[in-house]
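*Asks:* Structure of the sequence below:
(one chain, ligands or ions: 1)
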Amino acid sequence: MAESEDEEQEIYECPICEEEFDTESGLSIHEGQMHPNKQIDELEDLVDTFEEETEKALDIKKEKESLKQRVRSLRDEKEELEETVDDLKDTQEKLKEGIEEKDDKVQDLKSKVDNLKDDREELKSEKHSMERKIDDLENEKESLKKSLEKTEELMLKLKHQVKEFNEEIDE
Ligand SMILES: [Zn+2]
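*Replies:* The predicted structure is shown next:
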């Protein structure tokens, strides 16, 4: 009987100081006397847990904030990069235009040089033909001169003849 009573005997252990009691009421009396702040301690534990959770939540909030800031600064960076890309595109366009302008100028100069070459060829052949004309004219002049000389000679002869004729008449 005593043995079975022993086996059925439950042990109530104080969760704070681990002292053992045979009955539940014994334990509550012990707790009330030795650990009157048990409920307060439990409340404090709850508050501690709540504070820990709150801190965790705050940490998460902070992390979220810093992630937001990072996203914002990444967005800013992206915008800056896009602006830079736009600027580079403008510069590229301007360079292309400049190259095209230079190409046009080179083409212009080339066609001018070609025209000058043509002009020079034309002038050369014109000069040749003029030289030929001058030669012709000089030849003509020479032959006219000769004709004139002959005519003068002839006139002189005729004059002389006339004179002689006159003298013969006069005699
Ligand atoms: Zn205790």
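*Asks:* any idea of the mean pLDDT for the longest helix anywhere in the chain?
*Replies:* In the chain, taking DSSP state H as the definition, the longest helix is helix 38-170. Averaged over helix 38-170, pLDDT sits at 89.
*Asks:* any bit of it sitting next to the ion?
*Replies:* No. Judged by C-beta under 5 Å from the ion, helix 38-170 stays clear of the ion, getting no closer than 8.9 Å. Yep, even glycine has a C-beta here, placed from its N, CA and C like the rest.
*Asks:* Show me what that helix is packed up against.
*Replies:* Helix 38-170 sits against no helix or strand, with contacts defined as 3 or more C-beta pairs under 8 Å, 6 or more residues apart in numbering; DSSP states H and E.
*Asks:* Go again with 10 Å.
*Replies:* helix 24-34 (3 or more C-beta pairs under 10 Å, 6 or more residues apart in numbering; DSSP states H and E).
*Asks:* what about the helix it packs on, average pLDDT?
*Replies:* 90.
*Asks:* change the start of the numbering to 337 and stick with it
*Replies:* Sounds good: first residue 337 from here, last item helix 360-370.
*Asks:* And it, what does it pack against?
*Replies:* strand 348-349, strand 356-357, helix 374-506.
*Asks:* Using PDB, write out the CA atom coordinates for stretch 351-368.
*Replies:* In PDB, the C-alpha atoms belonging to stretch 351-368 read as follows (Å, rounded to 0.1, in the frame of the first residue of the first chain):
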ATOM      1  CA  PRO A 351      10.200  26.200 -12.100                       C
ATOM      2  CA  ILE A 352      12.300  29.000 -10.500                       C
ATOM      3  CA  CYS A 353      14.400  27.400  -7.900                       C
ATOM      4  CA  GLU A 354      13.700  23.700  -8.700                       C
ATOM      5  CA  GLU A 355      12.700  22.800  -5.200                       C
ATOM      6  CA  GLU A 356      10.400  19.800  -5.100                       C
ATOM      7  CA  PHE A 357       6.900  19.600  -3.500                       C
ATOM      8  CA  ASP A 358       4.500  16.700  -2.900                       C
ATOM      9  CA  THR A 359       1.400  18.700  -3.600                       C
ATOM     10  CA  GLU A 360       0.400  21.400  -6.000                       C
ATOM     11  CA  SER A 361      -0.800  23.600  -3.100                       C
ATOM     12  CA  GLY A 362       2.600  23.200  -1.500                       C
ATOM     13  CA  LEU A 363       4.200  24.500  -4.600                       C
ATOM     14  CA  SER A 364       1.800  27.500  -4.800                       C
ATOM     15  CA  ILE A 365       2.400  28.400  -1.200                       C
ATOM     16  CA  HIS A 366       6.100  28.100  -1.900                       C
ATOM     17  CA  GLU A 367       5.800  30.300  -4.900                       C
ATOM     18  CA  GLY A 368       3.700  32.800  -3.100                       C
END
